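Student: Generate a structure from the sequence data that follows.
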Amino acid sequence: MSEVNILHISPQQFLEMSFSLGRKLFESGFRPKHTISVWRGGTPVGLGVDAYFRNRGIFMNHTTIATESYTGIGQQSSTVLVKGLEHVINVICREDDLLILDDVYESGRTIEAIVDTLRKRARANCPERIVVGTLHHKPEKQKFSGLPLVTVQELPGDVWIDYPHELADLVQDDHADDPRIRSKDARTWELLHAPAPSAAVWPHDEPVHWLTAQEVYYDAVELALQMARSNRYVPDVLIALWPGGIHAGLPIHEVYKYLQKKGEIERVPDHVSLNTTRTHQSFRDNIIGLPYLVDRIEQHHQVLIVDTAFRSGRLISDVITKLKEKMRRNLSLDRLRVATLYYNPSEDATWTVNPFVKEPHFYRHLVRQKLVYPHAVHRLSDPVADCRRLSPRLHDILFAQ
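Tutor: Residues are numbered from 1 along each chain as shown. Sure thing, here's the model as predicted:
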C-alpha cells in the first residue's frame, strides 16, 4: 500500500470539535427533538453536541444506531447494514426535527442508508426535516447530497482521518514496530508495546476531578490490555452502554482489533451500543435497542458489558435484568462480565432489582473521588470559571459570544 496522507486527531481536539459542531448547529437555529449518533464514530461526537445543547437549556431525545460499511483505510464495502433502528422508528413523527451525527461525511452512503431505512419503515412518521452534522466533510467524495449538512472542517478526499480511538487500521504488515501508531501518539505506542498493566488506585487526591479526554482514552487502552493480556479475556460480544460507556467502549474494542491484527488473539468481539436512559416514572432505567442482541447472542457466548464508571451497580443490574428477560437461556450469566474504567465501592443507591453484579469484573482505577467526564461541563461546581481555568479553548467554544 502506498503511503497515506494521515491526519491524526487527539482526544482533546475531538472533544473541542464536537462542541464546535454543537455550536454551529445551535447558531443555525436548528432545534432537533430527536438525535441519532451513528455507532461507532458518531457517538463521541454526539456526547459533545448533546452537552452543548444541554448548556443552552435544550434537551434532545438522543440515541444511537449501528452501521457497517468500512473495511480498512480508503476501502468501503459495497453495502451498508443498519442495525438497531427499531426504537427510533417507534418514537419519531413527521413534525419532530431529526439530527443525525457522524464523525465524517465522505460518500454519504451511510447517511443515505439510514434515511432510506427510516423512510421505508417509519413511512408517514418519518421526520420531514432531517439535518446531518459531522466533524469533517470530504466534498469531492460525496455521492449522496439529499440532506442539509453542517460540518466543522472540510478536507481533501485523499486525507485519511485518524480519530482518537482508531488503532487497527494503522497496523502495517511490513512494520512490526507500528510507526504509524508511534506517530499518532507516543504514549499509546508505549502502552501497546509494554507489559500489560494491573488495576490501580486512582492517583489523584482532590475531592472532585474533571477528567481530560486524554486521561479517559489512556485508561481505556490500559483496561483493554489488562483484560486481553493479563486476564486472557476476549469476549464474543462487547456491549458499550450509551451514553456513559462510549468513552471506554470505543478504545477497548479498537485494542482488541489491534491485537487480532498483530496475531495475539484469534477473534474480535462484535461491538454494539445499548441505549440506557433514566425514567422517573419507574425509578428504573429504560433499556432500548435490544433486538440486535436478542437475535445474535448465543448461550455459549462470552458477553462483556462496558461502562465508564461503576458506582452502586444499579444501572448495570438493570441492563442485565432486561437482557436476561429477553434472552432467557440464550444469555448465560456465568459467561457475562462487566468492565469499567472507574470503580467507586463507597457509592450506594436504592436497589430496584436484585443485583447481578455488585462490583465490576475488570476495572482500571479504584476511586473515592467524584469524577466529572470530559463532556460533562454542566457538572462542574462553577462551569464557566472552572472551564475557563482548566480548558480555555473549550470555554471559548462553549461560553464566548
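
Student: going forward, measure contacts between C-alpha atoms and count neighbours the same way
Tutor: Will do.

Student: element containing residue 187, please.
Tutor: helix 186-192 (DSSP states H and E).

Student: Do you know the pLDDT at residue 353?
Tutor: As predicted, residue 353 sits at a pLDDT of 52.

Student: Equivalent analysis for residue 381, please.
Tutor: For residue 381, the model assigns a pLDDT of 94.

Student: Run the chain-centre distance for the helix or strand hosting residue 134.
Tutor: Assigned by DSSP H and E, residue 134 belongs to strand 130-137. Between the mean C-alpha location of strand 130-137 and the chain-wide mean there is a distance of 17 Å, by CA atoms, centre = their mean, to the nearest Å.

Student: So what's the residue count around residue 163?
Tutor: Look at residue 163: counted by other CA atoms under 10 Å, it has 18 neighbours.

Student: quick one, what contacts the closest residue to it other than its chain neighbours?
Tutor: Excluding the flanking residues, the one nearest residue 163 by CA to CA, 6 or more residues apart in numbering is residue 9, at 5.2 Å. Each residue near residue 9 by CA atoms under 8 Å, 6 or more residues apart in numbering is listed here: 161, 162, 163, 164.

Student: One more pass at 7 Å, please.
Tutor: 162, 163, 164 (CA atoms under 7 Å, 6 or more residues apart in numbering).

Student: contacting residues for the nearest residue to the first one once chain neighbours are set aside?
Tutor: Taking CA to CA, 6+ apart, and ignoring the residues beside it in sequence, residue 162 has residue 8 as its nearest neighbour in space, at 4.8 Å. Taking CA under 7 Å, 6+ apart as the contact definition, residue 8 lies against 161, 162, 163, 184.

Student: Can you list the strands that the helix or strand hosting the first one pairs with?
Tutor: Taking DSSP H and E as the definition, residue 161 sits inside strand 159-162. Each strand pairing with strand 159-162, determined using DSSP bridges, is listed with its direction: strand 5-8 (parallel).

Student: Name the residues of the strand it pairs with that come out as buried.
Tutor: 6, 8 (16 or more other CA atoms under 10 Å).

Student: any idea of the mean pLDDT in that strand?
Tutor: On average, strand 5-8 scores 95.

Student: Ok, stretch 248-261 next?
Tutor: For stretch 248-261, the mean per-residue pLDDT is 97.

Student: Restrict that stretch to CA atoms and write it as PDB.
Tutor: Once non-C-alpha atoms are left out, stretch 248-261 reads as follows in PDB (Å, rounded to 0.1, in the frame of the first residue of the first chain):
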ATOM      1  CA  ALA A 248     -14.500   3.300  27.300                       C
ATOM      2  CA  GLY A 249     -16.100   1.000  24.700                       C
ATOM      3  CA  LEU A 250     -14.600   2.500  21.500                       C
ATOM      4  CA  PRO A 251     -10.900   2.300  22.600                       C
ATOM      5  CA  ILE A 252     -11.300  -1.100  24.200                       C
ATOM      6  CA  HIS A 253     -12.800  -2.600  21.100                       C
ATOM      7  CA  GLU A 254     -10.100  -1.000  19.000                       C
ATOM      8  CA  VAL A 255      -7.400  -2.500  21.100                       C
ATOM      9  CA  TYR A 256      -8.900  -5.900  20.500                       C
ATOM     10  CA  LYS A 257      -8.900  -5.200  16.800                       C
ATOM     11  CA  TYR A 258      -5.200  -4.200  17.100                       C
ATOM     12  CA  LEU A 259      -4.300  -7.400  19.000                       C
ATOM     13  CA  GLN A 260      -6.100  -9.500  16.400                       C
ATOM     14  CA  LYS A 261      -4.200  -7.800  13.600                       C
END
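
Student: Residues touching it, excluding its own?
Tutor: 165-168, 217, 220-221, 224, 240, 265-268, 306-308, 341.

Student: now that stretch, how far from the centre of its chain.
Tutor: 13 Å.

Student: List the buried residues in that stretch.
Tutor: 248-259, 261.

Student: just checking, which of the residues you listed belong to strands?
Tutor: Among the buried residues of stretch 248-261, no member is found in strands (DSSP state E).

Student: what's the most distant pair in these?
Tutor: Greatest spacing in these, by CA to CA: 248 and 261 (20.5 Å).

Student: Please enumerate the helices of this protein.
Tutor: 11-27, 42-55, 86-89, 109-122, 179-184, 186-192, 213-225, 246-261, 291-296, 314-327, 383-390, 392-399 (DSSP state H).

Student: Only C-alpha atoms, please: export the shortest one in CSV.
Tutor: It stands for helix 86-89. What follows is helix 86-89, C-alpha atoms only, in CSV (Å, rounded to 0.1, in the frame of the first residue of the first chain):
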residue,chain,number,x,y,z
GLU,A,86,-36.3,-0.2,15.9
HIS,A,87,-36.5,2.0,19.0
VAL,A,88,-36.1,5.1,16.8
ILE,A,89,-38.9,4.2,14.5
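
Student: same for that helix, what does it pack against?
Tutor: Applying 3 or more CA pairs under 7 Å, 6 or more residues apart in numbering; DSSP states H and E, one finds that helix 86-89 makes contact with no other helix or strand.

Student: can you pull the buried residues of it?
Tutor: 86, 87, 88, 89.

Student: Nearest to residue 154 among those?
Tutor: Of these, the one sitting nearest to residue 154 (CA to CA) turns out to be residue 88, at 29.5 Å.
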